[in-house]
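Chemist: Got a sequence here, can you model it:
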Amino acid sequence: MTSFGERMREATARHGSLCVGIDPHPSLLRAWGLSEDVEGLKRFSDICVEAFEGRVAVVKPQVAFFEAYGSGGLMVLEDTIAALRAAGTLVLADAKRGDIGSTMAAYAAAWLGDGPLASDAVTVSPYLGFGSLTPAIELAMAGGRGVIVLAATSNPEAAALQRTVTADGRTVAQTMVDDAAACNVGAAFGSVGVVVGATLTEAPDLSKLNGPILMPGVGAQGGGAESIRALVSPDSYTAVLPNVSREVLASGPSVAALRTRVHQLNEEFAFLQA
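Modeler: Alright, predicted model coming up:
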């Protein structure tokens, strides 16, 4: 099976670098004139699938907004993932899972196995130690899937942990990037990526990662093309996935308007594929 990293590269070359979120926040359901229940959630997700399938490189459902509706919400998420993947659109499940041993293995099986939630990649938290991610990384590598590791997030609370300097002089965030890079050694383009917030004032050294760089914080949160240029060297541009959610979803519920906003943002970030 072709690796996630290779499929991501092909998808961004074809559709642009954008990673578009499906974040059915209650305020967005209301703004779209939808009910705050499973029926409204399904309609919201169906519109997003119609707008984004085959038109963006990666779609990232925010799992928490589906979990909030219980089993009915998870059924909607299963259908959303299946529809996008059937259309050939890469799905990154934003689940931020992280645990140890058999529990991590179970999370990996849920999101990277062959079940109804299986996605092309999943976000994971390494802050129980990078080694705790081994079950997910091994399953991803075996199945041509990917993992995106939280490394340098942009929320203010993260700095106390992620910017702490370790005994060898690296920040904790840098150790996460370096450990992810070690997983990608020997690959043309690896499938273990990292999350680096686009609103940060400085980022870890990403030059040796050789894998995806998911950059949330673009658009409504203040990040943009210039902030990406400030954080990432040109040699790594093609690895960047600018993650936009509210900036696109605010254009809904019109499918045409959603597609137009995606096109505009892909034009803004066209330099990443130049």
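
Chemist: Okay, the spatially closest residue to S125 that is not a sequence neighbour and Q221: tell me how far apart.
Modeler: Sequence neighbours aside, G98 is the residue nearest to S125 in space, at 3.3 Å (criterion: Cβ to Cβ, 6 or more residues apart in numbering). C-betas here are computed from N, CA, C, even on glycine. Noted for G98: a distance of 23 Å to Q221, by Cβ to Cβ, to the nearest Å.

Chemist: out of those two, which sits in the busier spot?
Modeler: In this view G98 and Q221 are compared by other Cβ atoms under 10 Å, and G98 has more residues nearby, 20 against 17.

Chemist: Could you report the pLDDT at that one?
Modeler: You'll see G98 listed with a pLDDT of 97.

Chemist: ok, back up a step: wait, doesn't the residue nearest to S125 sit right on M104?
Modeler: Yes: contact criterion Cβ atoms under 8 Å: G98 and M104 qualify, at 7.2 Å.

Chemist: what residues are shared contacts of these two?
Modeler: Jointly contacting G98 and M104 under the rule Cβ atoms under 8 Å, 6 or more residues apart in numbering are S132, L133.

Chemist: before we move on, back to that, in contact with the residue nearest to S125, which residues?
Modeler: Contacts of G98 (Cβ under 8 Å, 6+ apart): M104, Y107, V124, S125, P126, Y127, L128, S132, L133.

Chemist: The protein: strands as residue ranges?
Modeler: Secondary structure of the chain (DSSP state E): strands located at 19-22, 58-61, 90-97, 121-124, 146-152, 192-196, 213-215, 240-244.

Chemist: packing partners for the longest one?
Modeler: Other helices and strands packing on strand 90-97, by 3 or more Cβ pairs under 8 Å, 6 or more residues apart in numbering; DSSP states H and E, are helix 4-15, strand 58-61, helix 63-67, helix 70-86, helix 101-112, strand 121-124, strand 146-152.

Chemist: now what about that strand, what contacts it?
Modeler: Residues contacting strand 90-97 (Cβ under 8 Å, 6+ apart): 4, 7-8, 11, 19, 21, 57-63, 81, 84-85, 104, 107-108, 111, 117, 119-125, 136, 146, 148, 150, 214.

Chemist: Look up the pLDDT of S154 for me, please.
Modeler: So, for S154, pLDDT stands at 88.

Chemist: show me the contacts for it.
Modeler: Per Cβ under 8 Å, 6+ apart, neighbours of S154: G197, A198, T199, L200, P216, G217, Q221, G223.

Chemist: roughly how far apart are the spatially closest residue to it that is not a sequence neighbour and E36?
Modeler: The shortest distance from S154 to any residue other than its chain neighbours is 2.6 Å, reached at G197 (Cβ to Cβ, 6+ apart). Relative to E36, G197 is positioned 29 Å away (Cβ to Cβ).

Chemist: Equivalent analysis for T103, please.
Modeler: In this view, T103 and E36 are 31 Å apart by Cβ to Cβ.

Chemist: repeat for A239
Modeler: With Cβ to Cβ as the criterion, A239 and E36 are 37 Å apart.

Chemist: Among these two, which residue is more densely surrounded?
Modeler: Using other Cβ under 10 Å as the criterion, A239 and E36 rank with A239 on top: 24 against 15.

Chemist: Hmm, that one is touching L209, no?
Modeler: Yes: here A239 reaches L209: they are 6.9 Å apart, a contact under Cβ under 8 Å.

Chemist: Need the residues touching each of those two.
Modeler: When contacts are counted by Cβ under 8 Å, 6+ apart, A239 and L209 have G193 as shared neighbours.

Chemist: What is the neighbour count of the closest residue to I148 other than its chain neighbours?
Modeler: Of all residues not flanking I148 in the chain, G193 sits nearest, at 4.4 Å (Cβ to Cβ, 6+ apart). Look at G193: counted by other Cβ under 10 Å, it has 29 neighbours.
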